[in-house]
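Visitor: what follows is a predicted structure for the sequence shown.
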Amino acid sequence: MTAAVADTRFAPRAAGARQLAGTGTLLRLALRRDRVMIPVWVAVILMMVLSMPGSLKSVYSTAAERADIAQSMATNSSMRALYGPVFADSIGGLTAWRIGVYGGLFAAVMSLLIVVRHTRDEEESGRQELVSSAMVGRRAPLTAALLAALVADAATALLVAGGLASQGGGGALALGLAIAATGMVFATMAAIVAQLTESARLAKGLTSAVLGLAFVLRAAGDSGTSGSGGGSSVLTWLSPLGWLENTRAFADERWWVLLLFVAGVAAQGAAAYGLAGRRDIGMSFLPSRPGPASGRLGTAGALAWRLQRGSVFGWSAGFLVAGIAFGGMTQGATDLVGDNRKTRDIIERMGGQSGVTDAFLATMVGMLGMVAALYIVSSVLRLSGEETSQRAEPVLAAAVGRLRWAAGHLAIAFGGAALIMVLGGLGLGIGYGRNFGPVLGACLTQLAAIWVIGGLAVLLFGVFPRAAVAAWAVAGIALLIGWIGPAFELPQPVMNLSPFGHLPKLPGGEMAWPPVLTLLAIAAVLVAVGLTGLRRRDLSN
């Protein structure tokens, strides 16, 4: 009788342990698989954050200049929408203002990619079913994925806090924890979405859409408030990115705001665990519609469009909105620069020696181009995803050649890059209210560099399929050089490592055709070599 009671008492505990069996092994496997991706992401975030104090000291070298920029932000709604309000005019406070939200954005993207990769992506490829046939608990994969994201975010928090400790230990810790906590909020959000969708691509897209909405809510809330010392807008408090800025690192830290992150992570984590226990492996709560591939899906190109159209629509809408926002900030940025010679120098190094307004527009065009490089890499690497998941084999088993199959995806990748840059240019013109032609032409000029990065992705996929993921590092390096290079006055040979460093600075500068045509030729050669390699090699098993 006593033994029976004891068994009943400990049955729930034993059942819970079985649900998590194998978590440690899966965590070690996840960290091993991400041994390159996680350090690269953490390094990028760390370099973004740690580059700011030195840059700010060179631009705003005196306390009076720093106080002036903080006061200017109180009346400049455009720049508050872009970066948020300034809560303190110290170097640490300005660092939190300038980079805090974007550090949180990068941490969120890193975290959602980690979680989706080790949950829905594993199920979609069929590997999770094999793993689960061993002694692995039902919730172990989800737990391992969240723990992997936690390791990445914790490393980010520690390195950011350590790197900024010289500016103030409390503020550095608050900023590091807020950035990491933002990452975990979107890690648990991705865990929920991974249960709802049947596709890793859709899970990433939907979670990214929520992240975009969070940025828009924060921007809308910050643009409508003075932001210097009072409270934030309700819209700001609806966004986790708004929580990040309201921790007020280096400005009388609000430690209690971190409890909002804890509550959000706990609630979303509980929901994800509840959903994970109510479905079969490989299934989802929002399954895709079955049906034969006929009519508009009867060709390889039509199938590629069907698979990537959601991404194209999302990026197009995002670039149009971003263009309008950046265009509307142009005059505000010019007013903010004022007579600060050092700030003018940085903007002109990024956008050319053609006046602050044209230089700012050229800078925004360049940023759109570098972000578009991320789109083209993701679109090209969809080929790799189709191959490794073995969905390409049934298509190629029919009367479809490899080049024809690849051509459908590459047309969307390269054509989609052109489309989103056109929409970004139209948005800039609409927001600024003038110079439609020059701005649109400047955006189209960026395609030469974007297509070079896309060509490198095709080359890696076609010739070195196991290293195809390295295309993300190429795009990330180009983005990092463009982000911190002008502020650090990096030497021209370093700037030239990015294809964007060879483009003319438009609008405002003179058009230079030789480098543009050279980049286009390089892109064509890279694509040709990559397709030749794809045609000759075996498909991955």
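Guide: In hand now; what should we look at? Everything quoted here is computed from the prediction, not taken from an experiment. Residues are numbered from 1 along each chain as shown.
Visitor: where's the spatially most central residue of the chain, which helix or strand?
Guide: Closest residue to the average C-alpha location of the chain: V109 at 4.7 Å, with Cα atoms, centre = their mean. In the assignment (DSSP states H and E), V109 maps to helix 91-118.
Visitor: following that helix, which helix or strand shows up next?
Guide: Heading C-terminal from helix 91-118 (DSSP H and E), you reach helix 120-125.
Visitor: ok, and what's touching that next one?
Guide: 128-129, 131, 141, 194, 197-200, 203, 281-282, 388-390 (Cβ atoms under 8 Å, 6 or more residues apart in numbering). Placement of C-beta: from N, CA and C, glycine included.
Visitor: are any of those residues buried, and if so which?
Guide: Q128, V131, P141, A194, T197, E198, S199, A200, A203, T388, S389 (16 or more other Cβ atoms under 10 Å).
Visitor: now, those residues that are in strands?
Guide: In strands, judged by DSSP state E, none of the buried ones among the contacts of helix 120-125 are found.
Visitor: of the residues you listed, which is the nearest to A267?
Guide: Using Cβ to Cβ, A194 is the member of the buried ones among the contacts of helix 120-125 that sits closest to A267, with 16.5 Å.
Visitor: was I right about the closest one contacting L202?
Guide: No - the criterion here is Cβ atoms under 8 Å, and A194 misses it with L202 at 9.6 Å.
Visitor: show me where the stretch 351-500 of the chain has helices.
Guide: In the stretch 351-500 of the chain, the segments counted as helices under DSSP state H, counting those that start in this stretch are 356-380, 382-388, 392-397, 402-432, 436-445, 447-463, 470-488, 492-495.
Visitor: and the longest one, how far out from the chain middle?
Guide: Translated: helix 402-432. Counting by Cα atoms, centre = their mean, to the nearest Å, helix 402-432 is centred 18 Å from the centre of its parent chain.
Visitor: now the angle from it to helix 436-445?
Guide: Calculated by axes from the mean of the first three to the mean of the last three Cα atoms, to 10 degrees, helix 402-432 forms an angle of 150 degrees with helix 436-445.
Visitor: okay, now the closest residue in space to L46 that isn't next to it in sequence: neighbour count?
Guide: Excluding its sequence neighbours, the residue lying closest to L46 (Cβ to Cβ, 6 or more residues apart in numbering) is L159, at 5.0 Å. A count of nearby residues for L159, using other Cβ atoms under 10 Å, gives 17.
Visitor: so where does L159 fall, helix or strand?
Guide: Per DSSP H and E, L159 falls inside helix 140-163.
Visitor: mind listing what the residue nearest to L46 touches?
Guide: Contacts of L159 by Cβ under 8 Å, 6+ apart are V42, L46, G176.
Visitor: ok, 10 Å please
Guide: Contact analysis of L159 by Cβ atoms under 10 Å, 6 or more residues apart in numbering lists V42, A43, I45, L46, V49, L50, G176.
Visitor: of the buried ones among the contacts of helix 120-125, closest to F414?
Guide: Comparing the buried ones among the contacts of helix 120-125 against F414 with Cβ to Cβ places T388 closest, at 22.0 Å.
Visitor: surely that closest one touches S540?
Guide: Yes - T388 is within contact range of S540, at 5.5 Å (criterion: Cβ atoms under 10 Å).
Visitor: ok so, going back, in the helix holding V109, which residues are buried?
Guide: By 16+ other Cβ under 10 Å, the buried positions in helix 91-118 come out as 91-118.
Visitor: please apply the same query to stretch 435-444.
Guide: Those would be N435, P438, V439, L440, A442, C443, L444, for stretch 435-444 by 16+ other Cβ under 10 Å.
Visitor: got a markdown table for the residues you listed, with distance to L82 and pLDDT too?
Guide: Putting the buried residues of stretch 435-444 into a markdown table (distance: Cβ to Cβ, whole Å; pLDDT from 0 to 100) gives the following:
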| residue | distance to L82 | pLDDT |
| --- | --- | --- |
| N435 | 20 | 77 |
| P438 | 22 | 89 |
| V439 | 18 | 91 |
| L440 | 22 | 92 |
| A442 | 20 | 92 |
| C443 | 19 | 94 |
| L444 | 24 | 94 |
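Visitor: closest to L517 among those residues?
Guide: Within the buried residues of stretch 435-444, the smallest distance to L517 is 13.5 Å, found for L444 (Cβ to Cβ).
Visitor: list the contacts of the closest one.
Guide: V365, A418, M421, V422, G425, L506, V516.
Visitor: can you tell me how far it is from M511?
Guide: 11 Å (Cβ to Cβ, to the nearest Å).
Visitor: then E65?
Guide: 36 Å.
Visitor: these two: who's more crowded?
Guide: More crowded of E65 and M511, by other Cβ under 10 Å: E65, with 16 against 12.
Visitor: the more buried one contacts V59, correct?
Guide: Yes - counting by Cβ under 10 Å, E65 does reach V59; the two are 7.9 Å apart.
Visitor: hmm, back to that, just the buried residues of the contacts of L159.
Guide: Buried by 16+ other Cβ under 10 Å: V42, I45, L46, V49, L50, G176, out of these.
Visitor: check what pLDDT the spatially closest residue to S77 that is not a sequence neighbour gets.
Guide: Setting aside the residues directly before and after it, S77 is nearest to S223 in space (Cβ to Cβ, 6+ apart), at 4.3 Å. At S223, the pLDDT value in this model is 77.
Visitor: over to A471?
Guide: At A471, the pLDDT recorded in the model is 89.
Visitor: how many neighbours does it have?
Guide: If we define neighbours as other Cβ under 10 Å, then A471 has 25 of them.
Visitor: repeat for F319
Guide: There are 25 residues near F319, going by other Cβ under 10 Å.
Visitor: where does it sit, in terms of helix or strand?
Guide: Going by DSSP H and E, F319 is in helix 300-337.
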